[in-house]
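Engineer: Okay, here's the prediction I keep looking at, along with the sequence it came from:
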Amino acid sequence: MRVGVEVGGTFTDLVVVQGDEVSVVKVPSTPAQPDVGAINALDAARIEYGDIVDLVHGSTVATNAVLERKGGNVGVLVTRGMRDVLALQRHDRTSIYDLNYRKPSPVVERRQILEIDERIGADGSVVRPPDERALRRTIANFISEGAYDAIAICFLNSYIDPGHERLVAKIVNAVAPEVVVTCSVDVVAEFREYERTSTTVLAAYVQPAIERYLARLVSTADERGFSGRFSIMQSNGGRMPAHAMAQNAVSALYSGPAAGVVGAIGIASKLGFDNIITLDMGGTSTDVSLVVGGEPQLSAQTRIDGLPVRTPVIDIATVGAGGGSIAWVDDGGLLRVGPQSAGASPGPASYGRGGTLPTVTDAHLIRGTLQARSFLGGTMQVDVQMAHDAYADLATRLGLSIRDLADAVVRIAEANIVRAIQQVSTERGHDPRDFVLVPFGGAGSLHAARVAEELGIDKIVVPHNAGVLSAVGLLASDYVHHRSRTERTLLEASSISKIRSTLNQLKTEAGEYLVAQGVDGALGFEPTLEMRYVGQAFEVSVPVNGEIDALDVESLAAAFAQAHQRVFEFSKPPDKAVEIVTFRMGARAATGSVPVFRAPMVDAAAADDAEHIDVTENGDCFTCGLVTREDLGNSPAVGPLLLEDGTSTIYIPSNWSAIRNAENHLILEAKD
């Protein structure tokens with residue numbers, strides 16, 4: 001038995017694969033104790049823990065630890081003179097028109113940072129060695145006075161020579177063996193001091209929370225007979241054994257959204273679609289991502305609560321347009337949707353859990369594109385009247401009917417989603433019309449058709465059980481580990497042997513790490529170079545194709561020029577000096593597989609026998625057919641239709657048609 005459990009902001013999803021049988025479970029999340037939600041999902045599936053051979057898990061625990069400032073009590077050790085790097089940050093403003101703008105607040109205060117009298121030069125030379133004897137007393141006093149449960153070590157230029165960090169880590173382990181130690185060279189061996197320090201501190205900050213969470217989860221599972229393989233999803237789209245998270249928990253910050261992208265890729269590729277745009281709309285937010293050639297786009301850096309995290313992550317844009325996103329009026333009298341969300345607690349007003357504010361989910365119930373009986377396959381009760389009550393005051397204020405206001409809220413949410421997709425496609429040099437849209441999450445397929453129309457996309461793939469696709473993606477994920485190293489190298493003939501040697505060394509390190517974590521199977525490698533023209537401040541990622549030992553200057557220069565042209569719309573003459581800044585290597589052990597969903601096919605489309613409901617959209621009220629996915633036959637069903645799918649609802653407008661394939665996935669096409 002293979003099991004994937006994904007803890008989201010509103011619901012916890014579970015997929016069980018046993019032989020040819022696939023079953024799904026969706027239960028409310030428990031934000032205060034996410035592991036309780038995971039166990040509740042396992043219990044709801046009524047499975048024997050002893051039968052589970054592969055348990056893959058993704059959660060928002062690391063993310064919430066940062067957002068809610070509920071991580072560990074972290075002490076930070078830095079090179080003398082670098083104590084204020086987290087406060088100084090960068091000389092930029094992410095909101096240039098905000099007169100009250102403040103830089104993001106670090107997760108540690110200045111008093112939690114200790115300067116160490118040591119220094120490595122920019123060339124790797126030892127400028128000032130640390131005094132080991134004096135440091136023992138200084139560090140012991142620092143940890144004792146602060147009662148720290150985690151220590152982050154980030155020394156200047158340590159990515160060139162990690163010796164000082166290793167020595168000080170050894171001292172910390174000797175004087176305080178119970179304290180978790182995180183070295184920057186184990187998290188991100190790259191330059192840019194602020195980003196490297198921020199990442200290291202965040203890694204140490206979330207480590208205790210992750211360890212406590214996993215300990216509770218493993219303890220409960222073990223008590224019930226679990227003895228299988230336990231893996232955790234990472235932000236880069238790959239999993240790692242749970243025990244490996246003890247070294248770099250920050251890599252799991254965005255495990256849920258990443259899992260959804262992996263699941264979408266697995267299903268779309270089976271249908272012959274390699275260029276896709278994913279649309280994951282859950283209860284709190286919507287995540288979108290671009291996939292080219294069947295490979296997700298990886299970003300070297302992301303941000304959480306405004307703080308940089310320098311770790312490989314699937315390039316995902318997030319917008320506050322989830323089912324729980326709240327509708328409100330700004331100071332200028334304009335209707336807005338999100339980013340504030342009702343979340344899982346109290347949730348939308350219609351859930352009857354104490355929520356009173358109008359949300360996107362309530363709006364769908366009011367305008368008819370969601371039916372009260374369809375929530376969680378009919379197992380969850382919602383109250384349409386409470387949704388109306390939540391919108392009453394706002395409708396009076398804006399002078400609209402409740403039904404028209406609800407329709408406006410849905411359309412604003414869709415406009416926000418369109419903007420997010422343009423951010424990962426058009427702004428990155430990709431035409432969305434060349435892609436297939438893959439919606440999932442509880443609400444993704446409700447909005448997919450209208451979002452696709454705005455972007456000029458004429459084909460949509462809605463996976464079976466789209467509401468739990470992130471859990472499906474967990475089981476489809478491979479074991480993945482990334483290594484990186486900053487080593488500025490001019491792209492010239494005399495450097496090619498060094499380039500090959502550095503990539504091969506990273507390849508060996510990444511492969512050996514996976515093997516050391518108990519991962520077996522054949523390994524694949526994905527080298528990437530961060531390159532720029534000499535004098536530029538930022539780099540572009542250039543995938544390395546072919547054998548490393550066959551690399552030459554001409555092919556690398558051509559690949560860089562092409563990548564630079566796509567991002568910046570220009571490239572310079574071949575004689576302009578180019579340099580490699582950072583070498584990256586991804587190692588992959590292919591062990592995951594996409595579960596196959598099958599359902600019997602019927603001979604005719606179900607639209608002829610559909611139940612009919614009233615729907616309001618764009619100011620029009622019209623009759624819409626209401627069917628289930630299994631009712632669709634082997635000929636296209638033409639909208640307007642509302643399809644209930646147990647974990648989600650699919651809206652098919654009048655200018656779209658849908659057909660179901662043998663694996664129960666829907667393919668929607670826009671009519672000419």
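Structural biologist: Nice, thanks for sending it over. Keep in mind it's a predicted model, so treat the numbers as computed, not measured. Numbering: from 1, shown residues only.
Engineer: Of all the residues in the host helix or strand of L405, which ones are buried?
Structural biologist: Using DSSP states H and E, L405 sits in helix 402-424. By neighbour count with 16 or more other Cβ atoms under 10 Å, helix 402-424 contains the buried residues 402-414, 416-418, 420-424. Any C-beta I mention is one placed from the backbone N, CA and C, and that applies to glycine too.
Engineer: how far does the helix or strand of the chain with the lowest mean pLDDT sit from the chain's center?
Structural biologist: Lowest mean confidence among the helices and strands of the chain (mean pLDDT, DSSP states H and E): helix 61-67, at a mean of 83. Taking Cα atoms, centre = their mean, to the nearest Å, the mean C-alpha location of helix 61-67 is offset from the chain mean by 13 Å.
Engineer: For the helix or strand just after it, name the packing helices and strands.
Structural biologist: Per DSSP H and E, the first helix or strand lying C-terminal to helix 61-67 is strand 74-79. Judged by 3 or more Cβ pairs under 8 Å, 6 or more residues apart in numbering; DSSP states H and E, strand 74-79 is in contact with strand 113-116, helix 132-146, strand 150-154, helix 193-223.
Engineer: Each with direction, which strands does strand 74-79 pair with?
Structural biologist: Partner strands and pairing direction for strand 74-79 (DSSP bridges) are strand 113-116 (parallel), strand 150-154 (parallel).
Engineer: Among those strands, which comes closest to V382?
Structural biologist: With distances scored as Cβ to Cβ, the stretch of those nearest to V382 is strand 150-154 (42.4 Å).
Engineer: Can you give the contact residues for that closest one?
Structural biologist: Residues outside strand 150-154 that contact it (Cβ atoms under 8 Å, 6 or more residues apart in numbering) are 72-78, 143, 165, 168-169, 172, 176, 179-184, 196-197, 200-201, 203-205, 207-208.
Engineer: returning to what we had before: please identify the most buried of the strands paired with strand 74-79.
Structural biologist: Neighbour counts (mean count of other Cβ atoms under 10 Å) averaged over each of those peak at strand 150-154, with a mean of 27.
Engineer: what angle do the very next helix or strand once past it and strand 74-79 make?
Structural biologist: Next helix or strand after strand 150-154 toward the C-terminus (DSSP H and E): helix 163-175. Interaxial angle of helix 163-175 relative to strand 74-79 (axes from the mean of the first three to the mean of the last three Cα atoms, to 10 degrees): 140 degrees.
Engineer: circling back to that earlier point, filter the contacts of strand 150-154 down to the buried ones.
Structural biologist: For these, a neighbour count by 16+ other Cβ under 10 Å gives the buried set as 72, 74-78, 143, 165, 168-169, 172, 176, 179-184, 196-197, 200-201, 203-205, 207-208.
Engineer: Report pLDDT for the spatially most distant residue from the centre of the chain.
Structural biologist: For the chain, the residue at maximal distance from the C-alpha centroid (Cα atoms, centre = their mean) is R133, at 44.1 Å. Residue-level confidence at R133 comes out at 91, pLDDT.
Engineer: likewise F155?
Structural biologist: Reading off the model, F155 has pLDDT 98.
Engineer: quick revisit: any chance of the strands paired with strand 74-79 in JSON lines, with distance to G320 too?
Structural biologist: What follows is the strands paired with strand 74-79, written out as JSON lines (distance: least, Cβ to Cβ, whole Å):
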{"stretch": "strand 113-116", "distance to G320": "33"}
{"stretch": "strand 150-154", "distance to G320": "30"}
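Engineer: For T616, find the nearest of those.
Structural biologist: Of these, nearest to T616 by Cβ to Cβ is strand 150-154, at 53.1 Å.
Engineer: who does the least confident helix or strand of the chain touch, helix- and strand-wise?
Structural biologist: Using 3+ Cβ pairs under 8 Å, 6+ apart: helix 61-67 touches helix 193-223, strand 302-304.
Engineer: can we see that at 7 Å?
Structural biologist: Identification of packing neighbours for helix 61-67 by 3 or more Cβ pairs under 7 Å, 6 or more residues apart in numbering; DSSP states H and E yields helix 193-223.
Engineer: If you count neighbours, what's buried in the helix it packs on?
Structural biologist: By 16+ other Cβ under 10 Å, the buried positions in helix 193-223 come out as 193-211, 213-214, 216-218, 220-221.
Engineer: How is this structure divided into domains?
Structural biologist: 2-66+210-252, 71-205, 479-589, 606-670 (automatic domain parsing).
Engineer: I'd like those laid out as JSON lines, including distance to D305.
Structural biologist: Listed next are those as JSON lines, based on distance: least, Cβ to Cβ, whole Å:
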{"stretch": "domain 2-66+210-252", "distance to D305": "6"}
{"stretch": "domain 71-205", "distance to D305": "6"}
{"stretch": "domain 479-589", "distance to D305": "23"}
{"stretch": "domain 606-670", "distance to D305": "29"}
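Engineer: For G333, find the nearest of those domains.
Structural biologist: G333 sits nearest to domain 71-205 of all those, at 19.0 Å, using Cβ to Cβ.
Engineer: what about that closest one, how long is it end to end?
Structural biologist: Start to finish, the residues bounding domain 71-205 are 5 Å apart (Cα to Cα, to the nearest Å).
Engineer: again with stretch 454-473
Structural biologist: Chord length of stretch 454-473, first to last residue, is 28 Å (Cα to Cα).
Engineer: List the buried residues of that stretch.
Structural biologist: Going by neighbour count (16+ other Cβ under 10 Å), the buried part of stretch 454-473 is 455, 457-458, 460-473.
Engineer: Can you tell me what sits against stretch 526-535?
Structural biologist: Residues outside stretch 526-535 that contact it (Cβ atoms under 7 Å, 6 or more residues apart in numbering) are 300, 503, 538-544, 548, 560, 572, 576-586, 588.
Engineer: With that, I have no additional questions.
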